[in-house]
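Novice: Fold the following and give me the result.
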Amino acid sequence: MKKILWMLALLVVAVLACVVVIAPALAKDYQVIRFGTDPTYPPFASKSADGSLVGFEIDLGNALCERVQASCKWVEIDFDGMIPSLNARKIDGILATMAVTAARQRVIDFSSEVMTTPNALVFKKGAGLDASLQAVKGKAIGYLQGSTQEVYAKAVLAKAGAKLVAYPDQDRAYADLQVGRLDAALQDLVQAELGFLRSPQGAAFEAGKAIESDLMPGTSAIGILKGNQALKAMLDKGLAQLHADGTYARLQKQYFGDLVLYSNK
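Specialist: Here you go, the predicted model:
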């Protein structure tokens with residue numbers, strides 16, 4: 001009996017030791033929040049002429065950090081490296097127009113909604129491309145690696161005969177689109193309309209109609225480490241404050257005019 005009690009005591013000590021090791025990794029005092037960003041995605045995130053980060057998500061993230069009494073540290077990462085960097089604890093959160101999908105929810109958690117935006121093809125004016133299976137057959141279509149657009153492209157467009165090309169960032173996809181290596185780019189419609197298509201480089205291009213698909217959900221949120229309820233609660237509270245005090249609406253108006261990004265679902 002004593003031997004059994006002794007073994008149980010050792011087991012309890014071992015379990016408590018594991019809790020002590022694991023808990024600090026998640027339940028930490030966030031005086032600095034490290035957000036992963038992809039600065040090739042205006043107007044959400046990009047670099048100004050002096051190299052500083054600018055954009056809707058940058059301003060929103062900085063305001064969010066202020067509300068939760070923390071400082072923001074921005075870490076530039078290619079989009080397909082975001083989740084690996086988060087799980088390696090190189091960053092605390094992903095604020096990079098990351099759509100909430102069932103596959104991602106199996107490996108990371110998310111904050112409450114940041115925004116909801118549709119997706120579409122961008123192509124040369126007059127090309128008459130759309131997302132129909134007949135139109136994309138034989139066409140070279142680019143997408144961002146690790147994105148929901150990649151999931152849709154592989155599941156739908158590839159089966160329709162499209163030639164798929166993956167890119168680590170959006171700027172490289174646009175560069176190939178301009179020189180004719182791509183027939184179209186599949187991407188966030190808001191980013192295309194308010195970023196590339198408004199630039200001199202995008203003057204000869206247009207966007208097709210929004211594509212509705214469960215493979216490309218439009219709702220994005222801040223990605224956080226699985227099980228990090230403390231940070232999730234902090235960020236959710238901060239986002240609610242940004243809506244309540246009008247900061248979100250002001251930034252939305254500044255970057256997107258009358259377009260409403262927040263679905264409040």
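
Novice: any idea what residue 46 is structurally, helix, strand or coil?
Specialist: strand (DSSP: H, G, I helix; E, B strand; the rest coil).

Novice: per-domain residue ranges of this protein.
Specialist: Domains of the chain are assigned by automatic domain parsing as 10-117+218-256, 119-207.

Novice: And stretch 56-76, what's buried?
Specialist: Judged by neighbour count (16 or more other C-beta atoms under 10 Å), stretch 56-76 contains these buried residues: 56-61, 63-65, 67-68, 70, 72, 74. Heads up, the C-betas are built off the backbone N, CA and C, glycines and all.

Novice: quick one, which of the domains of the chain is nearest to residue 263?
Specialist: The closest of the domains of the chain to residue 263 is domain 10-117+218-256. By C-beta to C-beta, the value is 4.3 Å.

Novice: which sections of the stretch 1-150 of the chain are below the confidence cut-off?
Specialist: Residue ranges of the stretch 1-150 of the chain with pLDDT under 70: 1-28, 131.

Novice: where exactly do the strands run in it?
Specialist: 32-37, 46-47, 53-54, 71-76, 93-94, 108-116, 119-124, 140-144 (DSSP state E, counting those that start in this stretch).

Novice: Adding distance to residue 158, write those strands out as CSV.
Specialist: Converted to CSV, those look like this (distance: least, C-beta to C-beta, whole Å):
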stretch, distance to residue 158
strand 32-37, 28
strand 46-47, 30
strand 53-54, 34
strand 71-76, 30
strand 93-94, 26
strand 108-116, 26
strand 119-124, 14
strand 140-144, 9
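
Novice: ranking those by burial, who's on top?
Specialist: strand 93-94 (a mean of 28; mean count of other C-beta atoms under 10 Å).

Novice: How far does stretch 212-232 stretch from one end to the other?
Specialist: 29 Å (C-alpha to C-alpha, to the nearest Å).

Novice: roughly how far out does that stretch sit from the chain middle?
Specialist: 8 Å (C-alpha atoms, centre = their mean, to the nearest Å).

Novice: Same question for stretch 173-182.
Specialist: Distance of stretch 173-182 from the chain centroid (C-alpha atoms, centre = their mean) equals 23 Å.

Novice: Please identify the buried residues of it?
Specialist: Neighbour-count burial for stretch 173-182 flags 173, 174, 176, 177, 182 (criterion: 16+ other C-beta under 10 Å).

Novice: wait, the second one sits on residue 187?
Specialist: This means residue 174. No. Between residue 174 and residue 187 there is no contact under C-beta atoms under 8 Å: 9.3 Å.
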